[in-house]
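Asks: Fold the following, please.
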Amino acid sequence: MKIILLIIMTIEIVSISFSQSDNMNQTDSLDIENRIEEQVEQSSTLDDDPTTDLIIKNNQRDEYNISIRNRVNWNMDRSVGYIQKSYRGSQQKIYHRLKTKIGRYVSGGILTEKDPGELYYADFLSFNIAIEDYGSLNKVVVGDYVLKTGMGLVFGDLYSMVKGSDIISPVLRKTDVARSYLSSGESGFFRGAAVEYSSDILNITTFISHIRKSASIDSTGNVTSIYSSGYFRTVNEISQRNNLYEKMYGAHLKFNAGKRAVFGLTFSSNYYSNPIVFDDGEKSIGKSNLAYSADYIVTSSATTFFGEWAVANLTLAGVSGIKISTYNSFSVVATYRNYPYKFISLHGNPFGEKGSNENGMYLGLTAKIYQQVRLSMYGDLFRFNDLNSSKFSNTGSDIFSQIELGIDKSTLISVRYRRKKSEDNFDVFDNYGFIKSVGGEILKQQLRFNVDHSISKNLRVKGRYEYRFLKNDYLKKESGTLFMCDVVYSVSPSFFINNRAIYYKTDSFDSGIYEFERDLEGVMTQPVLYGKGLRWYILIKYKPVESVELSAKYSNNTRDDLNKIGTGADQLPDNIDERIGVQMDIRF
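Replies: Residues are numbered from 1 along each chain as shown. As a prediction, this is how the structure comes out:
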């Protein structure tokens, strides 16, 4: 699956730019959309994600009693996997979702999805029913759900933001505990029930889950990795499906000590049908694992203290931080994190370079200077704690800065620079022609220049130049360049067109450039462009009546440096990758 999250710049979000009230100028609307796009770019890794609905709701989207979505995507050319029949199913990705709200308290939904190459029409099924805000019951979810507690050490949202231009949100997280899950992502959720109860000072959430997962299991019966891609197209992929059983139960307690202090306790017990062993037996949790943690957010005037410390696999890990906001337009945040090598939390996703097996210190600042200038910057120093650290220092640094300038009411300019230095193992030839693994340093730098200009209320253009530079101790220097032109045209309140063209040239995949795109609502596309070529797409959204939205996207990626795109079963017959997606949304 393509790396991303479900929330996008759809016609509803774009309409924020094109239909502002008289007391909001176009610079404000550009800023709103850029903030949303930056959050999407920082979000992780599925093409369909339940957090989309929350973000759209935050942008004042109307609520509907029934929402039906039907979507089909496909590649216009058959890859080797289909020609040789190693992919057993059709090329189409087929998606259906129904969400409903019954009265004030009850909601639910069901989703079916088939990935390209999979055999069955409804290869994956997700469902839930929920009751919210009914007396002392905050929430009851039966079916599929996700958990997020504290700062993510025991239960972390899979779609939490990573480091980027939003400096604060990835670090200081809000606890949402249980949330209904209705997504095409086939891993990372729970199946069972969760109940959240609240009183004046105490919030209690209990949960239980019985679910089958997919994993790689060796000849001795040990689980060596969790298979999370969600693709079940070939005999080998299908053999890993649902071969691991997980039973989990636990609770989260949140104490509200007044308006300025919140303390939480989390407990989780997990049982697995097979022993889980990682890194050739160096890390193991066996068939069962206990995890528990304490978290806190304490605010005093302009200062907020936050953190979570957890024990899992009999190992202590944690993160603590402080945020200072002297004015509404200025904030600084500092954190320290320590996740030891032996700390294993299969459902955690805390802040960090990898979110596991590391320690580090992070310092970030965001400031709005005057009315039209915004500054964002951070520095992160980290060190990985794996067993190979004796071979080399295995440390790194990540420095980011971005300045945004509103030239006038219709033009927004941003300049971004990022420098990341880390260490890794490289396979090199020794003097006798044998391959050996050695440690070395990697330096990656990124420079982005972006101009966003509204020609009128209905027409907006964007231009971008991006340059990436990479070098390490054992390979030659590499670079990558991208030029982008984007046109957004709102023909009418019911008809929207987005056309984009990107020219790119990079030395290899390692110096490739990620590029976030608009797509069908509920899809997020962020391909890495590498080699030499031209990518372009056209996206059309049309609303024939108030309750129906029709949308379609055609994309074309032509590689000038290759005769055929892809490798193995995914190799295409020529150097052109053409894709089409169509979707219908019905809401009433």
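Asks: Ser225: what's it in contact with?
Replies: Residues near Ser225 by C-beta atoms under 8 Å, 6 or more residues apart in numbering: Ala215, Ser216, Phe278. (Each C-beta comes from the backbone N, C-alpha and C, glycine too.)
Asks: Adding secondary structure as columns, could you present the residues you listed in TSV?
Replies: Below are the contacts of Ser225 laid out as TSV (DSSP: H, G, I helix; E, B strand; the rest coil):
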residue	secondary structure
Ala215	strand
Ser216	strand
Phe278	strand
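Asks: By neighbour count, which of those residues wins?
Replies: Most neighbours among the contacts of Ser225, by other C-beta atoms under 10 Å: Ala215, with 22 neighbours.
Asks: Spatially, which residue comes closest to Ser198, not counting chain neighbours?
Replies: Computed as C-beta to C-beta, 6 or more residues apart in numbering, the closest residue to Ser198 that is not its neighbour in sequence is Asn138, at 5.0 Å.
Asks: The one you found against Leu202, yeah?
Replies: No - between Asn138 and Leu202 there is no contact, the gap being 11.6 Å when judged by C-beta atoms under 8 Å.
Asks: Compare neighbour counts for the two and give me the winner.
Replies: Asn138 (18 against 11).
Asks: What separation do you get for that one and Lys409?
Replies: 43 Å (C-beta to C-beta, to the nearest Å).
Asks: again, but for Phe232
Replies: Taking C-beta to C-beta, one finds Phe232 at 52 Å from Lys409.
Asks: do Asn65 as well
Replies: From Asn65 over to Lys409 the distance is 39 Å, taken as C-beta to C-beta.
Asks: One more: Lys254?
Replies: Taking C-beta to C-beta as the measure, Lys254 and Lys409 are separated by 44 Å.
Asks: the more surrounded of those two?
Replies: Counted by other C-beta under 10 Å, Lys254 and Lys409 do not tie: Lys254 has more neighbours, with 21 against 14.
Asks: Beta-bridge partners for the closest residue in space to the more buried one that isn't next to it in sequence, please?
Replies: The shortest distance from Lys254 to any non-neighbouring residue, by C-beta to C-beta, 6+ apart, is to Asn203 (4.0 Å). Under the criterion DSSP bridges, Asn203 forms beta bridges with Ser198, Lys254.
Asks: Asn203 contacts Asn256, doesn't it?
Replies: Yes - counting by C-beta under 8 Å, Asn203 does reach Asn256; the two are 7.2 Å apart.
Asks: Please say which of these two ends up with more neighbours.
Replies: Using other C-beta under 10 Å, the more surrounded residue of Asn203 and Asn256 is Asn203, with 19 against 15.
Asks: need the contact list for that one.
Replies: Neighbour list for Asn203: Asn138, Val177, Glu196, Tyr197, Leu253, Lys254, Phe255, Asn256 [criterion: C-beta under 8 Å, 6+ apart].
Asks: Point me to the helix or strand that includes Val488.
Replies: Taking DSSP states H and E as the definition, one finds Val488 inside strand 478-492.
Asks: what's the answer for Tyr341, then?
Replies: Going by DSSP H and E, Tyr341 is not in any helix or strand.
Asks: Excluding sequence neighbours, find me the nearest residue to it.
Replies: Closest residue to Tyr341 apart from its sequence neighbours, by C-beta to C-beta, 6+ apart: Asn385 at 4.4 Å.
Asks: and Val72, what element?
Replies: strand 66-75.
Asks: Distance from the chain centre to that strand, please.
Replies: 21 Å (C-alpha atoms, centre = their mean, to the nearest Å).
Asks: That one - contacts with which helices or strands?
Replies: Packing partners of strand 66-75 (3 or more C-beta pairs under 8 Å, 6 or more residues apart in numbering; DSSP states H and E): strand 93-102, strand 576-587.
Asks: now the helices for the stretch 51-200 of the chain?
Replies: With DSSP state H, counting those that start in this stretch, the ranges of helices along the stretch 51-200 of the chain come out as 51-58, 80-83.
Asks: for the stretch 1-150 of the chain, which spans come out with low pLDDT?
Replies: Counting by pLDDT under 70, the stretch 1-150 of the chain contains low-confidence ranges at 1-64.
Asks: Then the chain?
Replies: Ranges of the chain meeting pLDDT under 70: 1-64, 159, 328, 386-393, 425-427, 430, 433, 474-475.
Asks: From start to finish, how long is stretch 505-525 in a straight line?
Replies: The straight-line separation of the ends of stretch 505-525 (C-alpha to C-alpha, to the nearest Å) is 20 Å.
Asks: Now do the buried residues in it.
Replies: Buried positions in stretch 505-525, judged by neighbour count with 16 or more other C-beta atoms under 10 Å: 505-507, 511-513, 515-525.
Asks: same deal with stretch 368-388?
Replies: Buried, per 16+ other C-beta under 10 Å, within stretch 368-388: Lys368, Gln372, Arg374, Leu375, Ser376, Met377, Tyr378, Asp380, Phe382, Arg383, Phe384, Asn385.
Asks: Likewise for stretch 489-501?
Replies: In stretch 489-501, counting by 16+ other C-beta under 10 Å, buried: Tyr489, Ser490, Phe496, Asn498, Arg500.
Asks: For Leu459, which residues count as its bridge partners?
Replies: Bridge pairing for Leu459 - DSSP bridges - gives Tyr489.
Asks: Quick check: closest non-adjacent residue to Asn256.
Replies: Among residues not flanking Asn256 along the chain, Ile201 sits closest, at 5.1 Å (C-beta to C-beta, 6+ apart).
Asks: list the contacts for the one you found?
Replies: Counting by C-beta under 8 Å, 6+ apart, Ile201 touches Phe255, Asn256, Ala257.
Asks: same thing with Gly150?
Replies: Contacts of Gly150 (C-beta under 8 Å, 6+ apart): Arg173, Thr175, Gly264, Thr266, Ser293, Ala294, Asp295, Glu308, Ala310.
Asks: The same query, at a cut-off of 10 Å, please.
Replies: With contacts defined as C-beta atoms under 10 Å, 6 or more residues apart in numbering, Gly150 is in contact with 156, 173, 175, 177, 252, 254, 264-266, 293-297, 306-310, 318-319, 348, 350.
Asks: Determine the three-state secondary structure at the closest residue to it other than its chain neighbours.
Replies: Among residues not flanking Gly150 along the chain, Asp295 sits closest, at 3.1 Å (C-beta to C-beta, 6+ apart). Under the three-state scheme (three-state DSSP), Asp295 adopts strand.
Asks: Also Asn236?
Replies: Asn236 - assigned by three-state DSSP - is helix.
Asks: Pretty sure it sits against Ser86.
Replies: Yes - using C-beta atoms under 10 Å, Asn236 is in contact with Ser86, at 9.3 Å.
Asks: These two: who's more crowded?
Replies: Set Asn236 next to Ser86 and count neighbours by other C-beta under 10 Å: Ser86 wins out with 16 against 9.
Asks: contacting residues around that one?
Replies: Ser79, Val80, Gly117, Arg233, Thr234, Val235, Asn236, Gly568, Ala569.
Asks: just curious, which of those is nearest to Glu549?
Replies: For the contacts of Ser86, the closest approach to Glu549 (C-beta to C-beta) belongs to Gly117, at 28.4 Å.
Asks: check contacts around that closest one.
Replies: 79, 81-82, 86-93, 123, 231-234, 237, 569-570.
Asks: List buried residues within those residues.
Replies: By 16+ other C-beta under 10 Å, the contacts of Gly117 give 79, 81-82, 86-89, 91-93, 123, 231-233, 237, 569 as buried.
Asks: Of those, just say which sits nearest to Asn73.
Replies: Lys93 (4.3 Å).
Asks: Identify the residues contacting that closest one.
Replies: 1, 47, 71-75, 113-118, 184, 523, 579, 581.
Asks: Distance-wise, check it relative to His347.
Replies: Distance of Lys93 to His347, given as C-beta to C-beta: 27 Å.
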